[in-house]
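[1] Structure of the sequence below:
(chains A and B)
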Amino acid sequence: MNTPSPAAPALEASHLTKVYGSGNTEVVAMKDVSLTVARGEVVALLGPSGAGKSTLLTAIGLINPPTSGRIAIGGQAVMDADRALVDLRAFRRQHLGFVFQKANLIPFLNAVENVQVAMEINDVSPPAARSRALELLDYLGVAGRSHNLPDALSGGQQQRVAVARALANQPSLILADEPTAALDSQRGRQVMELFRKVAHERGAAVIVVTHDHRALDIFDRTYEMEDGQLKTN
Amino acid sequence: MNLAAKDIRHNFGRFALTTVGIGLLLMIVMGMGGIYRGLIREATLLVDKIGADLWVVQGSTRGPFAEVSRVSANLEDRARAVPGVAGARRFVSHTIQREHRGRPLRIVVQGLSWPEDRGGWIPLVAGRPLQQAHFEMIADRSLNLPLGERLQLGKDVYEVVGLASGMVGSGGDGLCFFSVSDAEAIQFDVPGEAVRLERQSRRARAAARDIGQVQPLLLERAAGPASDLPALAPPQVSAVMVALQPGADPAQVAATLATWPDITVYSTPQQVDLLLAGMVDKARRQLGLFRVLLIIISTIIMALIIYTLTLDKIHDIAMLKLMGARNGVIVGLILQQALLIGALGYGLAYWLGTFAFPRFPRLVVIETTDLVSLAAIVLGISVLSSLLGIWKAMRVEPNKVLS
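    This is a model prediction of the structure:
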């Protein structure tokens, strides 16, 4: 099996199409989308609801395979149409990080455990995972709340923990689906700046689906999706 | 990190309540098994402890534990004459119900063949065996009769001189041991008026016949006590118990006795089989069926609880899958919780049982083999009940996180 190459782009998606249903009920959610993102690059995906942004993100995130097209992550081909070329779950574990509109923290784990669990399921020893989880929480400014359960954290703190969790296994690609939608503008901007910091300091590519046009200056590139097609802004 | 333990810690109240519920159910399952064993032990206790090798009962009957058996008391002497027989004792047993200190008292009246048998074999917790032929009794402590208590049975008063433990009949009623003659006196006691009427009718029957007309002495005797009438049969007993000489062949002795047409002979194992196949069989089958039903109900309840607990975590499971968690992590989360509920429920059932079972009105016998088999069943139902939850968790797609 190929392993991701440090020299290759973080993401190469070519000619991705996603069709739901067939015949009269056929809906084309994504049409011939090609996208390349370099390491350390922060990219925004804009567009109205139903434009296909989340479809593209979940296809790249290997949780909703495209109907046709190819996906390579870190130079390694992972999907050819809806055929997986690697163990998708293992690949997600090792190379991808996810952040969503809701933090989706596991409610029975405290902040540090939420980060730690992502590493433990990737076979990192518990002491090493805990140490790194604390380090990440410190890096993201929530070390003081590391022993709080998600219920006891504010929305912004929860989202920071979710970012820490996404960074836990040092992924080459972080996918964020409207990560600031539940936050006020100030906290939303802080999270976006966090992505930029992570990308530039840690070399991970970040793709952010967002409706928020106020923080576009943070992104290296922005794309607009409309009717399932991708346009460069 | 043990996700199951973390989840339990977070939902401790719910988990504890679930475990208590399962524990109570398992305690009933355990208790049912104990009652089943107790039923067998109670039914066979007397036969096991009384020390008879052979039971001589009324011909063509299954003996006093299965039906009414009446044999002549002098059968005891006939049995003693058979080669290989070391001794024979009369067996008298019947159940009475009396009012005592304002509450109903059911007693299994058991005759001891005085003076050979004074009840030395009875496990006493207080007092002593019988020391005189009349008016003494040894009572099982389940009857709540204290030492020295005096009880009117029939026309006589009997004093409790010994207290036995665990001596109950197949119906669960406590045993009281008397000398055989006292046991018969209690059994055949009739009111004075009934005795007077019987003597009158006996005299009238005799007077109506020629022999009564020509022998006035016979009429006089007929109006007197039954014991003065040589033509009447001696008192009857339920059975005669035979003890064999050391080295005697039980089959040989039984074969010799079996040539007498008025009786039937059973060995002690045969008597036990008759007891279990007769009186106890339906009750123990019913208990067995209840036990199976309770195990099925426990499995269904546990499965529903585990399934509900899994449904509550379905979003978290989807998140774990999205992060790339292996199936083993998710199966472990559900299975460990099910096993923990099962194990703690089992432990709780056992612990509660140690307090509850001794207070049950019937004997509850918890044997190690039953505990081990129930533990295996609990393990099985824990795994089985988690399957529904595991099946649901395995079907969850990671993109459920987005919904």
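[2] residues touching residue B:137, list them.
    Residues in contact with residue B:137 (C-beta atoms under 8 Å, 6 or more residues apart in numbering or on different chains) are B:130, B:151, B:158-161, B:176-178, B:182. Yep, even glycine has a C-beta here, placed from its N, CA and C like the rest.
[3] Kindly give a single PyMOL line that selects the buried subset of those residues.
    In PyMOL syntax, the buried subset of those is picked out as below (16 or more other C-beta atoms under 10 Å in any protein chain shown):
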select buried, chain B and resi 130+151+158+160+161+176+177+178+182
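[4] Give me the subset of the contacts of residue B:137 lying in helices.
    residue B:182 (DSSP state H).
[5] Mind picking the one among the contacts of residue B:137 that's closest to residue B:253?
    Using C-beta to C-beta, residue B:177 is the member of these that lies nearest residue B:253, at 26.6 Å.
[6] measure the residue nearest to the closest one when sequence neighbours are not counted to chain A for me?
    Counting by C-beta to C-beta, 6 or more residues apart in numbering or on different chains, residue B:177 lies nearest to residue B:138, which is 4.3 Å off, once chain neighbours are set aside. To chain A, residue B:138 is 62 Å away according to C-beta to the nearest C-beta, to the nearest Å.
[7] which SS class is residue B:138?
    strand (DSSP: H, G, I helix; E, B strand; the rest coil).
[8] possible to save the contacts of residue B:137 as JSON lines with distance to residue A:17 and pLDDT?
    Below are the contacts of residue B:137 laid out as JSON lines (distance: C-beta to C-beta, whole Å; pLDDT from 0 to 100):
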{"residue": "B:130", "distance to residue A:17": "101", "pLDDT": "93"}
{"residue": "B:151", "distance to residue A:17": "97", "pLDDT": "91"}
{"residue": "B:158", "distance to residue A:17": "100", "pLDDT": "94"}
{"residue": "B:159", "distance to residue A:17": "102", "pLDDT": "94"}
{"residue": "B:160", "distance to residue A:17": "96", "pLDDT": "95"}
{"residue": "B:161", "distance to residue A:17": "100", "pLDDT": "95"}
{"residue": "B:176", "distance to residue A:17": "93", "pLDDT": "94"}
{"residue": "B:177", "distance to residue A:17": "94", "pLDDT": "94"}
{"residue": "B:178", "distance to residue A:17": "98", "pLDDT": "94"}
{"residue": "B:182", "distance to residue A:17": "102", "pLDDT": "92"}
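[9] Nearest to residue B:353 among the contacts of residue B:137?
    residue B:176 (29.6 Å).
[10] what pairs with that closest one across the strands?
    Counting by DSSP bridges, residue B:176 forms beta bridges with residue B:109, residue B:139.
[11] what sits up against stretch B:201-216?
    Identification of contacts with stretch B:201-216 by C-beta under 8 Å, 6+ apart yields B:218-219, B:222-223.
[12] Revised request: answer the last question for stretch B:265-272.
    By C-beta under 8 Å, 6+ apart, stretch B:265-272 touches B:44, B:47-48, B:52-57, B:63, B:65, B:250, B:254, B:257-258, B:274.
[13] Filter the residues you listed down to the ones in strands?
    B:54-57 (DSSP state E).
[14] most neighbours, which of the residues you listed?
    residue B:56 (29 neighbours; other C-beta atoms under 10 Å in any protein chain shown).
[15] Leaving out chain neighbours, which residue sits closest to that residue?
    The nearest residue in space to residue B:56 (C-beta to C-beta, 6+ apart) is residue B:240, at 4.3 Å.
[16] In three-state terms, label the one you found for me.
    Residue B:240 ends up strand, using three-state DSSP.
[17] follow-up on the earlier one: for the residue nearest to residue B:177, list the residues it contacts.
    B:119, B:122, B:124, B:127, B:129-130, B:160-164, B:176-177.
[18] Could you export those as a markdown table, including distance to residue A:227?
    Formatted as a markdown table, the contacts of residue B:138 follow (distance: C-beta to C-beta, whole Å):
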| residue | distance to residue A:227 |
| --- | --- |
| B:119 | 101 |
| B:122 | 96 |
| B:124 | 97 |
| B:127 | 100 |
| B:129 | 103 |
| B:130 | 105 |
| B:160 | 99 |
| B:161 | 103 |
| B:162 | 99 |
| B:163 | 95 |
| B:164 | 93 |
| B:176 | 96 |
| B:177 | 99 |
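[19] Nearest to residue B:107 among those residues?
    Set against residue B:107, the nearest of the contacts of residue B:138 by C-beta to C-beta is residue B:176 (4.9 Å).
[20] Grab the nearest non-local neighbour of the residue nearest the centre of chain A.
    Closest to where the C-alpha atoms of chain A average out (C-alpha atoms, centre = their mean) is residue A:175, at 1.3 Å. Distances taken as C-beta to C-beta, 6+ apart place residue A:61 nearest to residue A:175, at 4.9 Å, with adjacent residues excluded.
[21] do residue A:21 as well
    That would be residue A:27: by C-beta to C-beta, 6+ apart, it lies 5.7 Å from residue A:21.
[22] Please report phi then psi for the one you found.
    phi -130, psi 130 (degrees, to the nearest 10).
[23] Repeat that for residue A:16.
    The phi/psi pair for residue A:16 (degrees, to the nearest 10) is phi -80, psi 130.
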